[in-house]
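**Q** here is my input; please provide its structure:
(chains A and B)
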2 protein chains.
Amino acid sequence: MDKERPLILVVNDDGVTAPGIRTLIRLMKTLGEVMVVAPDSPQSGMGHAITLNSMLHANRVQVDEGNQVEYACSGTPVDCVKLAMNKLVPRKPDLCVSGINHGSNASINVLYSGTMAAAIEGAIEGIPSIGFSLLDYSHDADFSQCEDYVLKIAEQVLENPIPKGTCLNVNIPNVKKDALKGVRVCRQANGNWDEEFDERVNPMGKTYYWLTGKFENADEGTDTDIWALNNNYISVVPVMFDLTAHQLVQNLKAMNHG
Amino acid sequence: MDKERPLILVVNDDGVTAPGIRTLIRLMKTLGEVMVVAPDSPQSGMGHAITLNSMLHANRVQVDEGNQVEYACSGTPVDCVKLAMNKLVPRKPDLCVSGINHGSNASINVLYSGTMAAAIEGAIEGIPSIGFSLLDYSHDADFSQCEDYVLKIAEQVLENPIPKGTCLNVNIPNVKKDALKGVRVCRQANGNWDEEFDERVNPMGKTYYWLTGKFENADEGTDTDIWALNNNYISVVPVMFDLTAHQLVQNLKAMNHG
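**A** This next block holds a predicted model:
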């Protein structure tokens, strides 16, 4: 690989052949040398899972034409980043991009998302990292309207790396290019899933469940990712992996003992 | 179930038969009515994964004697909490406890931990929630030294519920009861895993990898969970699921566009 150009690690959770990652790879090749390490099967909803009780494979593949180096990995999105960093990259990447996810990772979805977990793992590894998601869950989602923005945000992060300990959660409304109003840096909206388990009985008479539900926004703020997306802005939330509720540490000192 | 006594939901990631959860169930029964919804197989390292592409089973089981109501669930720790809340609990639990995990969930381990993901999911559901972990990965870990502390912390949270949006990450050093110095409320230490993938070749000649590595503490603070544990204190970290790096939102406003 050319040492002059930045090295960009591309990962996702929908699998190495998903249209979203193919778009991201094509865009990133205009900015640098691209290495792809992505799951060999869909890994949506895997959160920050890692594979402890099984082994991992990484197969060299070439899904599209071009000089990108691609691996399909049997593990989770976070496994992909760890394996890439430990065994596959020729040098430390200058940027790690994850996605483009087919579906929203705004608000509480950041916790369940394999796309964002991969970006967070990139940040843990000390690489400036971005997760991109388009608010369209379908396989044949149209990523064309957001290409300019994805490129611009990646360029901005290459030029001005975000602080250590953080990465970016970028969500893109599913609207035509002309309707996109721009970019808003914002906070994670307070919202959650109102689950409904679809209860069925299998041919042997045993009950089983499918997880379904709908997202409920409980946040009226105009500084949130949900507000931005509802108003046709691309949302950019800086995400950190220090989960400490720092303001509470002092309040809970009464629990100290000994 | 008795409406006078608090309802306590008990979950874990090591599986419903693990000695850690059996200890926790026994302790919680002294505080209230207990419902157990735990994985039917080990789910360590599953982070905040949920099951989207498969169905879930929940089988009524009775691992130990007593009046606790127990289910073994085919899903992840977070699935267990969601299924419990949507289909299994008779009313909203007053407390959700997860663990006692066989192994540390201090510092960055909070992200990979199924135990802590279940506690975080409990908090998302609006239940005061605590994850407990003992720093001993072995199946026959000795949980007896920490029983008084586990009970006391659970009682404190029942009496003074922690603020919405947060839960507690409690880690217990693996020392004899006499050596335990007490409890310290602290922050998540800055540390990470230095991975090493063990590379092997299978009988068909194909390379595969096992994830291994060691934890590296990069934090010299004396207010961290790692410091507390190294000094024989039980660490209590208040954890939140708003991942926004709030101080950065302002700094990144230059990215706003349109």
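
**Q** what about stretch A:237-257, how long is it end to end?
**A** 38 Å (C-alpha to C-alpha, to the nearest Å).

**Q** off-centre distance for that stretch?
**A** Centroid separation between stretch A:237-257 and its chain, computed with C-alpha atoms, centre = their mean, to the nearest Å, is 25 Å.

**Q** is that stretch anywhere near chain B?
**A** Yes - on the criterion C-beta under 8 Å from any C-beta of the partner chain, stretch A:237-257 is in touch with chain B at A:237-246, A:248-249, A:252-253, A:255-257. Where you see a C-beta, it was placed from the backbone N, CA and C, and this is true even at glycine.

**Q** spatially nearest residue to residue A:94, not counting backbone neighbours?
**A** Nearest residue to residue A:94 in three dimensions, chain neighbours excluded: residue A:6, at 3.8 Å (C-beta to C-beta, 6 or more residues apart in numbering or on different chains).

**Q** which residues touch the closest residue to residue A:66 other than its chain neighbours?
**A** Distances taken as C-beta to C-beta, 6+ apart put residue A:29 closest to residue A:66, at 6.2 Å, once the chain neighbours are dropped. The contact partners of residue A:29, by C-beta atoms under 8 Å, 6 or more residues apart in numbering or on different chains, come to A:66-68.

**Q** is stretch A:83-90 positioned near chain B?
**A** Yes - counting by C-beta under 8 Å from any C-beta, contacts between stretch A:83-90 and chain B involve A:83, A:85-87.

**Q** of those - the most surrounded one?
**A** Greatest neighbour count in the residues of stretch A:83-90 next to chain B, by other C-beta atoms under 10 Å in any protein chain shown, goes to residue A:83: 24 neighbours.

**Q** in a helix, that's where that one is, yeah?
**A** Yes - according to DSSP: H, G, I helix; E, B strand; the rest coil, the state of residue A:83 is that of a helix.

**Q** number of nearby residues for the residue in the stretch 101-250 of chain A positioned nearest to chain B?
**A** Proximity to chain B, evaluated over the stretch 101-250 of chain A using C-beta to the nearest C-beta, is greatest for residue A:182 at 1.7 Å. Residues near residue A:182, counting by other C-beta under 10 Å, number 13.

**Q** contacting residues around the spatially closest residue to it that is not a sequence neighbour?
**A** Nearest non-adjacent residue to residue A:182, counting by C-beta to C-beta, 6+ apart: residue B:258, 1.7 Å away. Residues in contact with residue B:258 (C-beta under 8 Å, 6+ apart) are A:180-183, A:233.

**Q** residue A:95 now?
**A** Counting by C-beta under 8 Å, 6+ apart, residue A:95 makes contact with A:6-9, A:28, A:31-32, A:127-130, A:154, A:157-158.

**Q** repeat that with 7 Å
**A** Counting by C-beta atoms under 7 Å, 6 or more residues apart in numbering or on different chains, residue A:95 makes contact with A:6, A:8, A:127-128, A:154, A:157-158.

**Q** which helix runs longest in chain A?
**A** helix A:147-159 (DSSP state H).

**Q** what's the first helix or strand after that one?
**A** strand A:166-172 (DSSP states H and E).

**Q** so how far is that following strand from its chain's centroid?
**A** 8 Å.

**Q** counting neighbours, what do you get for the residue nearest to residue A:94?
**A** Residues within reach of residue A:6, counting by other C-beta under 10 Å, total 15.

**Q** residue A:117 now?
**A** Residue A:117 is flanked by 33 other residues according to other C-beta under 10 Å.

**Q** and residue A:248, what element?
**A** Counting by DSSP H and E, residue A:248 is part of helix A:246-251.

**Q** swap that for residue A:45, sorry
**A** Using DSSP H and E, residue A:45 is not contained in any helix or strand.

**Q** if I read this right, it contacts residue B:48, doesn't it?
**A** No - between residue A:45 and residue B:48 there is no contact under C-beta atoms under 7 Å: 8.8 Å.

**Q** out of the two, which sits in the busier spot?
**A** Each of residue A:45 and residue B:48 has its neighbours counted (other C-beta under 10 Å); residue B:48 has more, 29 against 22.

**Q** ok, residue A:122 - how many residues close by?
**A** 26.

**Q** any low-confidence regions in chain A?
**A** Applying pLDDT under 70 to chain A flags the ranges A:1-3.

**Q** can you give me the helices for it?
**A** Ranges of helices in chain A, per DSSP H, are A:19-28, A:77-83, A:109-112, A:114-124, A:147-159, A:225-230, A:246-251.

**Q** with distance to residue B:120 added, can I get the ones you listed in a markdown table?
**A** Output for the helices of chain A, formatted as a markdown table (distance: least, C-beta to C-beta, whole Å):
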| stretch | distance to residue B:120 |
| --- | --- |
| helix A:19-28 | 27 |
| helix A:77-83 | 17 |
| helix A:109-112 | 7 |
| helix A:114-124 | 14 |
| helix A:147-159 | 28 |
| helix A:225-230 | 19 |
| helix A:246-251 | 14 |
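
**Q** those: which one's closest to residue B:103?
**A** Evaluated over these, closeness to residue B:103 peaks at helix A:77-83, with 17.8 Å, by C-beta to C-beta.

**Q** elements contacting the closest one?
**A** Judged by 3 or more C-beta pairs under 7 Å, 6 or more residues apart in numbering or on different chains; DSSP states H and E, helix A:77-83 is in contact with strand A:7-11, strand A:33-39, strand A:69-73, helix A:114-124.

**Q** got the buried residues for that helix?
**A** Neighbour counts over helix A:77-83 (16 or more other C-beta atoms under 10 Å in any protein chain shown) mark A:77-83 as buried.
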